[in-house]
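# my questions concern the predicted model and sequence given below.
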Amino acid sequence: MQEYIDFARNNFLIVAGFIGVLAFIIKSELSRLSRKYKQINVNEAVMLLNKDNTVVLDVREDKEIQGGIIKGARHIKLGELSDKITSVGKNKQDSILVYCRSGNRSGHACQQLTKAGYEDVSNLAGGILAWESANLPVTKR
């Protein structure tokens, strides 16, 4: 046991770095396990879109949607979502697919939606970039 204590004293930065990385991994995993929305890939998103009652929500900024959106998507900027959250779906049981450019902002939108009581919320992993990389169509506004 004394060897471990001596090692920690002599290599403080290594031990501190290890503890920091370990804490980050634990926090990330706990966050992943406790989220109430699904993280889905492009193929799963296409299957979800084939359902009649799926709401598609684009949370990118106005200038980002000039390149195109997924057909039928509603555009509500992430910053405005909290004000318009009650108008997203007809009822709280509707399937909602949320996307942004890369999947990060849409994850925050998914958290807001699940906190508001929406039950079937999915985040498109990789966002519109993954969608376009899979050669799936986008429509211009």
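Cool, got the structure. On a predicted model such as this, the values are computed, not experimentally measured, just so you know.
# who are the packing partners of the helix or strand where A16 lies?
A16 is part of helix 12-34, with elements assigned from DSSP states H and E. Helices and strands in packing contact with helix 12-34 are not found; criterion 3 or more CB pairs under 8 Å, 6 or more residues apart in numbering; DSSP states H and E. For every residue, glycine as well, the C-beta is placed using N, CA and C.
# following element in sequence after that helix, please.
strand 38-40.
# could you list the domains of this structure?
Here the domain parsing of the chain from automatic domain parsing is 2-33, 37-133.
# okay, these, which one's buried deepest?
Mean neighbour count (mean count of other CB atoms under 10 Å) peaks for domain 37-133 among the domains of the chain, with a mean of 17.
# now the terminal residues of that one, how far apart.
Across its full length, domain 37-133 reaches 24 Å between end residues, using CA to CA, to the nearest Å.
# which residues are contacting stretch 94-112?
Contact partners of stretch 94-112, identified using CB atoms under 8 Å, 6 or more residues apart in numbering, comprise 35, 37, 39-40, 45, 48-49, 51, 53-60, 64, 70, 73, 78, 81-82, 85, 88-89, 113, 118, 120-131.
# circling back to that earlier point, would you mind putting the domains of the chain into TSV with distance to K140 and mean pLDDT alongside?
Formatted as TSV, the domains of the chain follow (distance: least, CB to CB, whole Å; pLDDT from 0 to 100):
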stretch	distance to K140	mean pLDDT
domain 2-33	35	91
domain 37-133	5	93
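# alright, calling it a day.
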